[in-house]
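# with the sequence up front, the predicted model follows.
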Amino acid sequence: MRAVEVSAFGGTDKLELVDVESPVAGPGQVLIDVEACGVNYADIMMRRGLYGGGPAPRFIPGLEVAGTVARAGDGVTKFVPGQRVMALVSHGGYAEQVVASSAGVMPRPEGMSAQSAAAFPVNYFTADFALHFAGNVKPGQTVLIHAAAGGVGTAAVQLAKIAGARVIATASSSEKLERVRALGADICIDYTKEDFLAVVRDATDGEGVELVLESVGGDVFDKSLAALRSLGRLVVFGIASADVRRPDPRELLFRNLWVIGLHLGMLMLQPDVVEQASERLFGLLATGRIVPQIGHVLGLEEAVRAHTLLGERSNYGKVILEP
Ligand SMILES: NC(=O)c1ccc[n+]([C@@H]2O[C@H](COP(=O)([O-])OP(=O)(O)OC[C@H]3O[C@@H](n4cnc5c(N)ncnc54)[C@H](OP(=O)(O)O)[C@@H]3O)[C@@H](O)[C@H]2O)c1
């Protein structure tokens, strides 16, 4: 089968289109014919060797796919060949076929395209967990969402508005923010032109926000803590800048602030947490209230372009690869 491999940690020149043996579904696993694969910022971090616990080269990147079941391994009763599915995998999605643990496979709702399904699990489960499980968002609260035009960001803006929150969104260009405003964001900040902390303080009468969704790190992390009101929560689920900061415990305790880490893969192992999020998300999908945002659809052979788009922060929403 055709696949894209990371040959060594490094730049986009380490992505190689190759012919490899198809994987085999073992007990409890499902072999999927991939129709579309979502490209995530984590893939960029994995390629660069910056993703803790990520695979070592050579490996096929790709954390989420949509396609049809080619074969169900021994002991799998929930899925049958020909069934339309989407799946989360640890890696291996940039390929014509991938093997997934059946626990990570979900039936694809009727009428949902492969592209939309490949843009769904990582973005929407991460955003839902960040807002509800970790962030405990309530109607009327104000949520600051960074990288709001990205994959998780566009999902978070939609879900925060549905939860009844006021959304303050940041991104690095007015073009991105126009689209984020169309998703329902109330206040949009181009942080290359304005200081987001000053805008947040202005918009909240100097009080700050109840919740921040933070995935950038560096100064954005520090200023996001400063942007919280007392009892505010900062959910940290990414470090796109690779600049790791530590909160000052004195600031946390004197202002009653909560800093909460979130890892999608770990939370997907908590059945009760997943069940609550699934109920919300699949209900919203069925009624068309959430629409995965897809910026670019590329062929597998264009994996370098896909990584360049994400790495250079030029994507809107999700980038999809089609084998
Ligand atoms: N914890 C988890 O389980 C989990 C799950 C999914 C995603 N994530 C994380 O969530 C974040 C979003 O993921 P995604 O796949 O949806 O990517 P994305 O948001 O589409 O792309 C990352 C965005 O981050 C913003 N950014 C700000 N400063 C940056 C910097 N110094 N370097 C690179 N990007 C910067 C850029 O938007 P602007 O230029 O508009 O600011 C960029 O487009 C990533 O950090 C990812 O690792 C974590």
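Arrived safely.
# so residue 96 touches residue 32, yeah?
No: applying Cβ atoms under 8 Å, one finds residue 96 not in contact with residue 32, separated by 9.9 Å. C-betas here are computed from N, CA, C, even on glycine.
# ok, the two, which is more surrounded?
More neighbours surround residue 32 than the other of residue 96 and residue 32, with 30 against 18 (other Cβ atoms under 10 Å).
# how about the more buried one, what does it touch?
Residues in contact with residue 32 (Cβ atoms under 8 Å, 6 or more residues apart in numbering) are 65, 67-70, 85, 87, 97-100, 105.
# in the stretch 51-200 of the chain, what residue is nearest the ligand?
Nearest residue of the stretch 51-200 of the chain to the ligand (Cβ to the nearest ligand atom) works out as residue 150 at 1.9 Å.
# that residue: neighbour count?
29.
# ok, it - contacts?
Contacts for residue 150 (Cβ under 8 Å, 6+ apart) come out as 41, 171, 315-317.
# report the distance from the helix or strand hosting residue 279 to the chain centre.
Using DSSP states H and E, residue 279 falls within helix 271-286. Centre-to-centre, helix 271-286 and its host chain are 16 Å apart (Cα atoms, centre = their mean, to the nearest Å).
# check which helices and strands that helix sits against.
Here helix 271-286 touches helix 121-128, going by 3 or more Cβ pairs under 8 Å, 6 or more residues apart in numbering; DSSP states H and E.
# next secondary structure after the helix it packs on?
Using DSSP H and E, the helix or strand that follows helix 121-128 towards the C-terminus is strand 142-145.
# still on that earlier bit, got the contact list for the helix holding residue 279?
Counting by Cβ under 8 Å, 6+ apart, 106, 109, 112, 120, 124-125, 128-129, 132-133, 159, 162, 267-268, 290 sit against helix 271-286.
# now swap in stretch 104-111 and tell me
For stretch 104-111, the surrounding residues in contact (Cβ under 8 Å, 6+ apart) are 30, 32, 66, 69, 78-79, 83-89, 114, 117, 121, 268, 278, 282, 285-286.
# swap the cut-off to 10 Å and go again
Applying Cβ atoms under 10 Å, 6 or more residues apart in numbering, the contact partners of stretch 104-111 are 29-30, 32, 35, 63-69, 72, 76, 78-79, 83-90, 100, 114, 116-118, 120-121, 125, 265, 268-269, 274, 278, 282, 285-286, 288.
# again with stretch 68-80
The contact list for stretch 68-80 (Cβ under 10 Å, 6+ apart) reads 22, 24-35, 81-85, 87, 96-103, 105-108, 114.
# buried members of these into PyMOL, please.
Under the burial definition 16 or more other Cβ atoms under 10 Å, those of those that qualify are selected in PyMOL by:
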select buried, resi 25+29+30+31+32+33+34+35+83+84+85+87+96+97+98+99+100+101+102+103+105+106+108+114
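# narrow the contacts of stretch 68-80 to those in helices?
residue 114 (DSSP state H).
# quick check: closest non-adjacent residue to whichever residue of the stretch 151-300 of the chain sits closest to the ligand.
Of all residues in the stretch 151-300 of the chain, residue 238 sits closest to the ligand, at 2.3 Å by Cβ to the nearest ligand atom. Take residue 238 and drop its neighbours on the chain: the residue closest to it by Cβ to Cβ, 6 or more residues apart in numbering is residue 215, 3.1 Å away.
# now for that neighbour: which residues touch it?
41, 126, 130, 145-147, 150, 152-153, 156, 221, 235-241, 262.
# rerun that using 6 Å as the cut-off
Residues counted as contacts of residue 215 (Cβ atoms under 6 Å, 6 or more residues apart in numbering) are 147, 237-238, 240.
# between these, which has the most around it?
residue 147 (24 neighbours).
# wait, that residue touches residue 154, no?
No: taking contacts as Cβ atoms under 6 Å, residue 147 lies outside contact range of residue 154: 9.4 Å.
# separation between the residue most central in space within the chain and residue 294?
Central residue of the chain (Cα atoms, centre = their mean): residue 123, 3.4 Å from the mean position. The gap separating residue 123 from residue 294 is 10 Å, by Cβ to Cβ, to the nearest Å.
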